[in-house]
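Undergrad: predicted model and sequence follow; I will ask about them next.
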Amino acid sequence: MTAPQGIASMAALRAEIDALDAKIVAALAARARLIDRAAEVKRAEGLEARIPARVEQVVAQVRAAAQAEGLDPALAEALWRQIIEWSIVREEA
């Protein structure tokens with residue numbers, strides 16, 4: 001990825017953003033596949049889809065990672081809470 005300061009035109013910026021968006025979508029799809037497997041394992045182990053301590057652990061890790069990357073931790077938390085809720089609903093289905 002090119003450093004943002006090294007990108008001179010809106011067309012080039014948009015191309016970088018579009019490429020990054022595609023990578024984010026691919027990462028979310030890979031996460032969803034892991035969630036599907038987690039649902040299978042949880043059922044086999046008699047675990048609930050929602051494990052509050054794990055939810056809070058994931059959120060804390062994401063907030064720390066966001067802080068380290070210079071991203072607003074509150075934004076990262078809000079996004080991940082949405083992802084986590086979607087994942088729990090998927091596991092329960």
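TA: Great, that's in hand.
Undergrad: next up, the contacts around the closest residue to Ala66 other than its chain neighbours.
TA: Leaving aside its chain neighbours, Ala66 sits nearest to Ala76 (3.5 Å; criterion: CB to CB, 6 or more residues apart in numbering). Every residue, glycine included, has its C-beta placed from N, CA and C. The contact partners of Ala76, taken as CB atoms under 8 Å, 6 or more residues apart in numbering, are 62-63, 65-66.
Undergrad: which element is Ala76 on?
TA: Using DSSP states H and E, Ala76 sits within helix 73-92.
Undergrad: state the mean pLDDT of that helix.
TA: For helix 73-92, the mean pLDDT works out to 97.
Undergrad: hmm, back to that, using CSV, lay out the contacts of Ala76 together with neighbour count.
TA: Rendered in CSV, the data for the contacts of Ala76 read as follows (neighbours: other CB atoms under 10 Å):
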residue, neighbour count
Val62, 19
Arg63, 18
Ala65, 13
Ala66, 18
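Undergrad: rewinding a little: Gln67 versus the residue nearest to Ala66, what's the distance?
TA: 8 Å (CB to CB, to the nearest Å).
Undergrad: please apply the same query to Met10.
TA: Remark: distance between Met10 and Gln67 (CB to CB) = 30 Å.
Undergrad: same check, this time on Lys42
TA: With the distance defined as CB to CB, Lys42 ends up 30 Å from Gln67.
Undergrad: and for Glu85?
TA: 22 Å.
Undergrad: all helices for the protein, in order.
TA: 10-45, 52-69, 73-92 (DSSP state H).
Undergrad: contacts for the second one?
TA: Just to be clear, that refers to helix 52-69. Residues beyond helix 52-69 that count as contacts (CB under 8 Å, 6+ apart) turn out to be 72-73, 75-77, 80-81, 84.
Undergrad: possible to save these as CSV with distance to Ala26?
TA: Below are the contacts of helix 52-69 laid out as CSV (distance: CB to CB, whole Å):
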residue, distance to Ala26
Asp72, 23
Pro73, 24
Leu75, 21
Ala76, 19
Glu77, 23
Trp80, 17
Arg81, 22
Ile84, 19
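Undergrad: which among those residues end up buried?
TA: 73, 76-77, 80, 84 (16 or more other CB atoms under 10 Å).
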